[in-house]
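Novice: What follows is a predicted structure for the sequence shown.
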Amino acid sequence: MLNLVLFGPPGAGKGTQAILLAKTFNLVHLSTGDLLRHEIAAKTELGRIAGELIDKGELVSDEIVISMIESRLKKPRCTIGFIFDGFPRTVAQAKALDKLLTKHHSKVSVMLCLAVDKGELVNRLLKRGLTSGRCDDLEAATIEHRIDVYNEKTLPIINYYESQGKYFPIPGVGTIEEITENLTSVVKTIYDKPIISHSHK
Ligand code: AP5
Ligand code: MG
């Protein structure tokens, strides 16, 4: 299987690039942020708990996001693998993902980390906040808090994957196409099998 972890701070372009890579490599795209926003939109109890934390720029508990991923991995699918976007976000989540994938006789293939400086991240998210309807994109202070939470709780994951030789930093600035090309070429170096297109699913 091919399992990609797409990593980077808020606004780095994970969602944008994950959609494109999922198409190219025929992967199932799993974004914990999107899954949580679906729960909020559906007004579930989980959505209520998550929504309060998301609006403040805090992380949702490991327990909640791990169980969401666990249930998605259990679904039978016609795919060669997954692209994880915004997950894992703590070392505990990274370890849990390894355990879950081991149960499915699989593992993380590579961790692709998009690097973007703080000023650019804040600008991108404030701009998106004008139209996204996401409360966590509205205020510079909330965006900066999300970046601080990332630096404190999420960045340590880099060491976890680096020690396994799976960490690949990629510049996250430039055109979307350039970044996709760089990400795609890294994936192709580790996955040399022919790409199965959607039409052959
Ligand atoms: P999540 O939804 O994952 O948000 P995030 O990580 O804060 O980041 P974004 O989705 O805002 O950015 P992105 O990197 O996907 O960039 P995008 O492609 O959208 O999480 C939200 C919240 O949910 C968290 O704060 C937390 O509370 C909770 N949560 C989620 N997962 C969790 C977990 N595992 N554990 C605990 N809590 C969790 O791009 C951003 C903008 O930039 C867009 O407008 C885009 O058009 C633009 N853009 C993209 N690429 C470029 C480019 N190359 N140049 C210029 N602009 C660009
Ligand atoms: Mg996203």
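Specialist: Yep, that arrived. Ligands and ions are numbered 1, 2, ... in the order given.

Novice: Next, the contact list for Val91, please.
Specialist: Applying Cβ atoms under 8 Å, 6 or more residues apart in numbering, we find Val91 in contact with Pro156, Ile157, Tyr160. Placement of C-beta: from N, CA and C, glycine included.

Novice: From Asn159, how far out is it?
Specialist: According to Cβ to Cβ, to the nearest Å, Val91 stands 8 Å off from Asn159.

Novice: Give me the common contacts of these two.
Specialist: When Cβ under 8 Å, 6+ apart defines a contact, no residue borders Val91 and Asn159 alike.

Novice: dump the residue contacts of the closest residue to Glu144 other than its chain neighbours.
Specialist: The shortest distance from Glu144 to any non-neighbouring residue, by Cβ to Cβ, 6 or more residues apart in numbering, is to Val122 (6.6 Å). By Cβ under 8 Å, 6+ apart, the residues touching Val122 are Gly11, Ala140, Ile143, Glu144, Ile147.

Novice: Which residue is the nearest non-sequential neighbour of His145?
Specialist: In this structure, His145 finds its nearest non-sequential neighbour in Gly57, 4.0 Å apart by Cβ to Cβ, 6+ apart.

Novice: how deep is the nearest residue to Leu138 once chain neighbours are set aside tucked in, by neighbour count?
Specialist: Distances taken as Cβ to Cβ, 6+ apart place Gly129 nearest to Leu138, at 4.8 Å, with adjacent residues excluded. Using other Cβ atoms under 10 Å, Gly129 is surrounded by 18 other residues.

Novice: how much space between Gly129 and ligand 2?
Specialist: Computed as Cβ to the ion, to the nearest Å, the Gly129 to ligand 2 distance reads 13 Å.
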